[in-house]
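Peer 1: Just to be clear, the model below is a prediction. Sequence and coordinates:
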Amino acid sequence: MSFIELKQVSKTVKKRPLLHDVNANIEQKSITTLEGINGSGKTLVLKTILGLIKVSGTVTVDNQPVRTEDPYPVKAGILIENPSLIEDFTATKNLELLAKLDPNISNKQIEDLLDYFDLARFPKQKVKKFSLGMKQKLGIAQAFLGSYPLIVLDEPTNALDTESIAKLSKLIKQYRENGSTFVIASHDRDFISQVATHQLYVKEGTINDEK
Ligand SMILES: Nc1ncnc2c1ncn2[C@@H]1O[C@H](COP(=O)(O)OP(=O)(O)OP(=O)(O)O)[C@@H](O)[C@H]1O
């Protein structure tokens, strides 16, 4: 059985099929990328995997059915759409807040991630003063915090410079070595070619193995 399985997943809103007949298997310890044009359904697929939207069909992660009614259906590191940051907090405080949800997260991991993404240089700066790229890196750091078995990233290279993208790729591979599975929606072909072990294509609300 694959780490993530989607079987006959569909989602219709006001008679409009947003997802239909989605079938996909995502292997454990893979870095699986989702490509597709704007509005094709990539974010909806990510939200489906995480149990953040109600769909018909079957979704399992790590052999467990995903239940949208649970408060936190799938334990995962998540960056979806814009990073969810508290603007009046510093970078450290944002990560500490998230760490409160999980006793396994250490201060050391917070420090290491801030250092890695070059955010430790601004210890007193509130997030509202951050540049777009800095916010994005903090959002990425949030997703890596906790080293969860599943890490889901939506357009992680948005607003990142080339050097930061290279660092992100390196960290993704390192976490994969340690057992994490990645599902990543991206338009960034260079980035995809750096990291992907498996590529999926989303087109008009369904997933294909080929373009
Ligand atoms: N809650 C919703 N209600 C109605 N339509 C929605 C809802 N969420 C998404 N959609 C529609 O579903 C389609 C797929 O959206 P989705 O966000 O998954 O696209 P995407 O592939 O991630 O696009 P992008 O590359 O622009 O991020 C779009 O047409 C969008 O307008």
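Peer 2: Received it, and whenever you're ready, just let me know what you need.
Peer 1: Next, the buried residues of the helix ranked longest in the chain.
Peer 2: In the chain, assigned by DSSP state H, the helix with the most residues is helix 162-177. Neighbour-count burial for helix 162-177, with 16 or more other C-beta atoms under 10 Å as criterion, is recorded at 164-165, 167-169, 171-172, 175-176. All C-beta atoms are positioned from the backbone trio N, CA, C, and that covers glycine.
Peer 1: Give me the contacts around the helix or strand of the chain with the lowest mean pLDDT.
Peer 2: The helix or strand with the lowest mean pLDDT-type score in the chain, counting by mean pLDDT, DSSP states H and E, is strand 206-208 (a mean of 92). When contacts are defined by C-beta atoms under 8 Å, 6 or more residues apart in numbering, strand 206-208 is touched by residues 6, 19-24, 34, 41, 45, 200-202.
Peer 1: check contacts around Asn178.
Peer 2: Contacts were defined as C-beta under 8 Å, 6+ apart; by that measure Asn178 touches Ser147.
Peer 1: that older thread, tell me what the longest helix of the chain is packed against?
Peer 2: Judged by 3 or more C-beta pairs under 8 Å, 6 or more residues apart in numbering; DSSP states H and E, the packing partners of helix 162-177 are strand 31-35, helix 132-144, strand 181-185, helix 189-195.
Peer 1: Only the buried subset of the contacts of strand 206-208, as a PyMOL command please.
Peer 2: Buried residues within the contacts of strand 206-208, by 16+ other C-beta under 10 Å, are selected in PyMOL with:
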select buried, resi 6+19+20+22+24+34+41+45+200+201+202
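Peer 1: circling back: indicate which one of the helices and strands packed on helix 162-177 is closest to the ligand.
Peer 2: Ranking the helices and strands packed on helix 162-177 by their distance to the ligand (criterion: C-beta to the nearest ligand atom) puts strand 181-185 first, at 6.1 Å.
Peer 1: how near is Pro201 to the ligand?
Peer 2: I think there's a mix-up here, since residue 201 is Tyr and not Pro. Tyr201 sits at a distance of 11 Å from the ligand (criterion: C-beta to the nearest ligand atom, to the nearest Å).
Peer 1: Assign that residue to one of the three secondary structure states.
Peer 2: What DSSP: H, G, I helix; E, B strand; the rest coil gives for Tyr201 is strand.
Peer 1: Can I get stretch 113-120 in PDB, CA atoms only?
Peer 2: Provided in PDB are the C-alpha atoms of stretch 113-120 (Å, rounded to 0.1, in the frame of the first residue of the first chain):
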ATOM      1  CA  LEU A 113      15.800  26.500  10.900                       C
ATOM      2  CA  LEU A 114      16.100  30.300  11.500                       C
ATOM      3  CA  ASP A 115      19.800  30.100  11.000                       C
ATOM      4  CA  TYR A 116      19.500  28.000   7.900                       C
ATOM      5  CA  PHE A 117      17.200  30.400   6.200                       C
ATOM      6  CA  ASP A 118      19.200  33.400   7.300                       C
ATOM      7  CA  LEU A 119      16.400  34.700   9.500                       C
ATOM      8  CA  ALA A 120      18.400  34.800  12.700                       C
END
